[in-house]
Every structure is written in C-alpha cells, then in structure tokens.
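*Asks:* fold the following.
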Amino acid sequence: MKLSELVEKCELKVVTDLPLEATVTDCYIGDLLSDVMGNAPANSVWLTVQSHTNILAVASIVGVKAVVLCNNLHFEEATKVKAEDNSIVLLESSETSFEVASRLLKNGLKG
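*Replies:* Here you go, the predicted model:
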C-alpha cells in the first residue's frame, strides 16, 4: 500500500513535507529502539510513542518508510527537520498504537 493510501484510510496527520509515494507492506509496534532495530521489517510503518531524533537512525538502518507517533503525541521540530533530510515520513495519530495497528491490518498491511 502506498503511504498516501495509508494516510487517508487510517486518518493520520502528515508532519513532514515529503512525497507519500513509498510502498509499505508491514507495520511494527515498538518503543524500545534495540527491539525495533532487530525486528522491524524493511518497507514498514513503525508505530511508537518515541519522538526524539534517535528514532530516525533506527528507521534508516531498518528501512522503515514512515514513523507514526501515537497517543496524541507530537514530534519535536528537530525530529521533523532530520526526518525530511533522511526522507522518512513522520505521521501522527490521536489513537493508541493498538488502534492504529488494527486499522492498518484491516486495510491490508501485515503485522
């Protein structure tokens, strides 16, 4: 599924000014960076409550295409700038990680 479809179907807020053309096939939920680094699949959407810039290093290493910040939290400006520099889409949701993951699964992503 293209990120643009995912944003529309799951009612996510786009934070970064990047194209939403990447295709994602999986989602991963995790807040422990080492766990995400070891287990998140490439071409995935990562659901988390972590908003600091270190998440972008992990996303780059793994090949995550977008990070969704859940629980009505918001990314810091520094994270947004660095994400745009690294072509990683940042998204936000007022819903919990479980609720967002349920929507993603309902719309065809693997978990």
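*Asks:* so how far is Ala66 from the residue nearest to Thr23 when sequence neighbours are not counted?
*Replies:* The shortest distance from Thr23 to any residue other than its chain neighbours is 5.8 Å, reached at Lys2 (CB to CB, 6 or more residues apart in numbering). For the C-beta atoms, the positions are set from N, CA and C on the backbone; glycine is no exception. Using CB to CB, to the nearest Å, Lys2 is found at 11 Å from Ala66.
*Asks:* so for these two, which residue has more residues nearby?
*Replies:* Taking Lys2 and Ala66 together and counting by other CB atoms under 10 Å, Ala66 has the greater number of neighbours (25 against 13).
*Asks:* neighbours of the nearest residue to that one once chain neighbours are set aside, how many?
*Replies:* For Ala66, the nearest residue in space outside its immediate sequence neighbours is Val89; the separation is 4.0 Å by CB to CB, 6+ apart. Applying other CB under 10 Å, we find 27 other residues in the vicinity of Val89.
*Asks:* please name the residues that touch Val89.
*Replies:* Contacts for Val89 were tallied using CB atoms under 8 Å, 6 or more residues apart in numbering; they are Leu3, Val14, Thr16, Leu18, Leu20, Ala22, Lys65, Ala66, Val67, Ala83.
*Asks:* who touches both of Lys2 and Ala66?
*Replies:* By CB under 8 Å, 6+ apart, the residues touching both Lys2 and Ala66 are Ala22, Val24.
*Asks:* low pLDDT regions in this structure?
*Replies:* 111 (pLDDT under 70).
*Asks:* residue boundaries of the helices in it?
*Replies:* For the chain, the helices defined by DSSP state H cover 3-10, 33-39, 54-62, 77-85, 97-106.
*Asks:* any chance of a markdown table for the ones you listed, columns mean neighbour count?
*Replies:* Supplementary listing: these in a markdown table, determined by neighbours: other CB atoms under 10 Å:
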| stretch | mean neighbour count |
| --- | --- |
| helix 3-10 | 17 |
| helix 33-39 | 14 |
| helix 54-62 | 18 |
| helix 77-85 | 16 |
| helix 97-106 | 17 |
